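Engineer: can't give you the sequence, but here's the structure:
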């Protein structure tokens with residue numbers, strides 16, 4: 001697309017109010033090619049010719065040569081730079097030499113594996129010699145039993161995901177002896193997705209795979225691919241536990257791009273606190289791009305937001321250009337597989353002009369060449385922002401990306417400091433494979449697969465020896481002749497979910513309006529709900545158990561593909577939510593409460609006159625009530641009370657107790673110390689992710705007096721055992737608090753607003769609207785500012801962290 005005329009037209013629209021605050025022009029880049037030391041065999045050249053590929057990009061050639069030399073490789077280049085060919089070609093070359101060779105391709109999602117299978121199948125179709133030897137397919141939960149057996153017994157290139165490898169292949173490795181005994185290649189694509197708890201789990205699955213391969217007599221090479229992160233070499237080696245050769249000199253071409261920072265205007269007549277809804281702004285941009293026939297993807301952080309923007313856009317197009325209203329869809333987790341495949345196919349073929357998606361389409365699913373992308377709200381990492389922006393401009397044509405900011409601390413900081421986005425090094429990826437909660441589960445899985453031996457410490461780390469002794473003592477394993485054997489009848493892989501705290505799933509079932517209706521719903525008592533009979537109900541989606549209590553509570557409005565459904569009944573025992581399609585003019589968002597119980601103090605120290613500590617805590621949270629929010633606004637039109645069971649996690653916590661004299665000073669100034677600390681808590685939740693490459697929703701916090709007898713800010717990781725996120729606050733308080741002080745000092749508001757001390761979302765943002773947030777008042781900005789100023793005045797001197805230069809890079813890998 002030609003971006004200049006479109007931007008000029010935007011600026012002349014009646015509803016334009018100087019939303020464009022910065023336009024970054026990214027220059028095009030030419031391709032760089034390289035030749036292989038030895039050319040490919042004829043069948044591969046035939047396939048490449050069929051794809052109209054005459055030359056290899058320099059990074060592709062380098063990767064192929066490293067794999068030929070027997071080394072593990074990590075390819076870290078931009079979106080759409082040909083990484084798939086870089087790992088596929090050397091595998092196929094080896095298969096031509098020895099068809100008995102096997103290869104395992106791992107992808108973070110089933111959808112990506114199925115998408116990559118289409119590309120592999122196309123290569124096989126282009127070269128009859130390759131087609132004769134490739135026996136491939138996806139092995140996942142959607143694969144029929146007969147196809148699974150055929151792949152296991154005959155396949156030589158199997159595409160799967162870590163979850164299936166963990167629970168469906170490794171525990172049954174004896175049946176896979178042919179495949180695993182000949183395994184020469186393990187490809188792990190999109191490794192930047194394997195951060196946090198998911199990546200820590202996957203790292204242990206890889207170690208179990210290496211152990212099983214050793215048992216069957218193979219030692220596969222690893223080929224890893226990633227978008228740009230700060231520590232790719234270190235992270236790749238941490239993920240697989242072996243030395244890695246890094247290939248990061250990108251030889252692919254790139255078309256020109258305009259990157260537009262878009263800030264919704266103020267709507268409160270000079271008070272400069274409330275801005276126009278970011279969702280309304282995003283839907284307006286999506287509508288205008290679609291009317292200009294510009295194929296666009298709009299990314300948002302929450303499922304509810306993806307659905308809202310889709311609904312708003314479809315409604316507006318119905319009024320203004322009805323023939324386009326059916327050419328926009330929503331895409332997110334929770335849709336049924338068939339529905340997702342239909343949307344992907346329609347987007348790839350060009351049938352759809354617009355899609356409103358969560359980060360489910362951030363990864364490398366081939367959805368064709370798009371002209372524009374919209375990113376609503378900072379997606380917690382610079383790496384993810386560039387990955388989403390990279391979905392537009394897959395070719396030499398000009399593309400455009402809009403970043404639509406929320407009225408929250410980090411988004412507004414980025415709006416004020418564009419150089420942070422365009423000069424900042426992407427964040428480091430954080431995993432902790434030796435987290436005891438995670439590692440303990442995988443050691444039990446490993447014992448089920450093969451007896452644990454002392455040499456396994458080389459794979460699982462030094463702490464594994466202590467954990468195995470605990471498993472022996474508690475009867476999970478039995479030690480015989482120096483080895484620990486599995487000593488139970490249960491299946492340990494079932495208890496280890498790689499992605500969620502909970503591995504339960506709730507089914508979402510649509511029922512007709514007159515089915516199962518008892519008395520009128522009372523929020524705490526509820527009706528006697530009669531489940532519908534066969535043929536009266538239809539499954540429309542699913543959700544994990546923890547999210548179910550925040551998304552599918554009674555009277556919640558569930559948004560699905562533009563339609564509104566009201567939850568009639570949540571069956572906690574049957575793990576099902578019964579919903580009824582109903583036209584309403586509002587949506588709902590949950591409000592959560594939380595409590596922290598400090599169980600054990602690991603370390604404490606004095607800093608800037610305050611006491612800082614790090615230890616273990618139990619966090620309890622529950623959905624206490626919900627808000628009804630009018631469509632096309634952020635206005636609440638009602639509330640509903642809930643009585644749902646609480647949920648708990650044992651995790652790690654960082655806390656700070658400010659000096660008594662500082663609290664007295666605040667009171668003398670007429671300020672409430674609790675309000676000031678609440679603002680500090682919110683600022684810390686906003687800035688710590690800049691060091692820890694996590695989502696703000698991965699960190700929780702509260703201000704509490706009952707644990708230590710004084711008002712104290714507690715921050716905690718939202719995962720069992722902790723993953724080292726809030727520990728950054730304890731280890732480097734000067735840098736963290738200085739960043740918080742700079743954020744609040746630069747905000748132009750007077751008394752506090754969502755862009756500085758305003759409350760962040762209390763729970764992960766899959767289901768809670770980031771624009772609405774909690775129902776609590778904004779803390780006192782002046783009190784928060786005074787606390788931070790007093791601490792930094794007492795702290796040892798330190799170099800400024802923000803703005804304008806990369807944050808420290810010495811983060812845990």
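Structural biologist: Sure, I can see it. For clarity, every value in this text was computed on a predicted model and none was experimentally measured.
Engineer: could you point out where the stretch 351-500 of the chain is predicted with low confidence?
Structural biologist: In the predicted model, the stretch 351-500 of the chain carries pLDDT under 70 at residues 363-369, 394-395, 424-425, 427, 500.
Engineer: All the helices of it, in order from the start?
Structural biologist: Counting by DSSP state H, counting those that start in this stretch, the stretch 351-500 of the chain has these helices, from start to end: 382-389, 409-416, 418-423, 436-449, 457-460, 463-473.
Engineer: just the stretch 51-200 of the chain next, same as before
Structural biologist: For the stretch 51-200 of the chain, the helices defined by DSSP H, counting those that start in this stretch cover 58-68, 83-97, 110-126, 128-133, 145-154, 162-164, 177-181, 196-216.
Engineer: Of all those helices, which one is nearest residue 656?
Structural biologist: helix 196-216 (23.8 Å; CB to CB). Yep, even glycine has a C-beta here, placed from its N, CA and C like the rest.
Engineer: and the helix or strand following the closest one, what other elements does it pack with?
Structural biologist: Next along the chain after helix 196-216, taking DSSP states H and E as the criterion, comes strand 221-226. If contacts are counted by 3 or more CB pairs under 8 Å, 6 or more residues apart in numbering; DSSP states H and E, strand 221-226 sits against helix 58-68, strand 73-76, helix 83-97, strand 183-188, helix 232-240.
Engineer: The closest residue to residue 401 other than its chain neighbours: how many residues sit nearby?
Structural biologist: Spatial nearest neighbour of residue 401, chain neighbours left out: residue 389 (4.2 Å); criterion: CB to CB, 6 or more residues apart in numbering. Close neighbours of residue 389, defined as other CB atoms under 10 Å, add up to 23.
Engineer: Out of the helices and strands packed on strand 221-226, the one nearest residue 616 is which?
Structural biologist: Among the helices and strands packed on strand 221-226, helix 232-240 comes nearest to residue 616, with 24.4 Å by CB to CB.
Engineer: what sits up against the helix or strand just after the closest one?
Structural biologist: Downstream of helix 232-240, the first helix or strand assigned by DSSP H and E is strand 245-247. Applying CB atoms under 8 Å, 6 or more residues apart in numbering, the contact partners of strand 245-247 are 59, 62-63, 66, 71-77, 86, 232-233, 236.
Engineer: And the buried ones among the residues you listed, selectable in ChimeraX?
Structural biologist: For the buried members of those, the matching ChimeraX selection, counting by 16 or more other CB atoms under 10 Å, is:
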select :59,62,63,66,72,73,74,75,76,77,86,232,236
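Engineer: What is the nearest of the contacts of strand 245-247 to residue 678?
Structural biologist: Nearest to residue 678 out of the contacts of strand 245-247 is residue 232 (CB to CB; 38.0 Å).
Engineer: Skipping adjacent residues, who's closest to the closest one in space?
Structural biologist: That would be residue 76: by CB to CB, 6+ apart, it lies 4.2 Å from residue 232.
Engineer: Just list the residues touching the one you found, thanks.
Structural biologist: With the criterion set at CB under 8 Å, 6+ apart, residue 76 makes contact with 225-229, 232, 246-248.
Engineer: tell me what the helix-or-strand element of the chain with minimal mean pLDDT is packed against?
Structural biologist: Ranked by mean pLDDT, DSSP states H and E, the weakest helix or strand in the chain is helix 689-692, scoring a mean of 77. Under the contact definition 3+ CB pairs under 8 Å, 6+ apart, helix 689-692 sits against helix 733-746.
Engineer: May I see the buried residues of the helix it packs on?
Structural biologist: Residues 733-744 are the ones in helix 733-746 that count as buried (16+ other CB under 10 Å).
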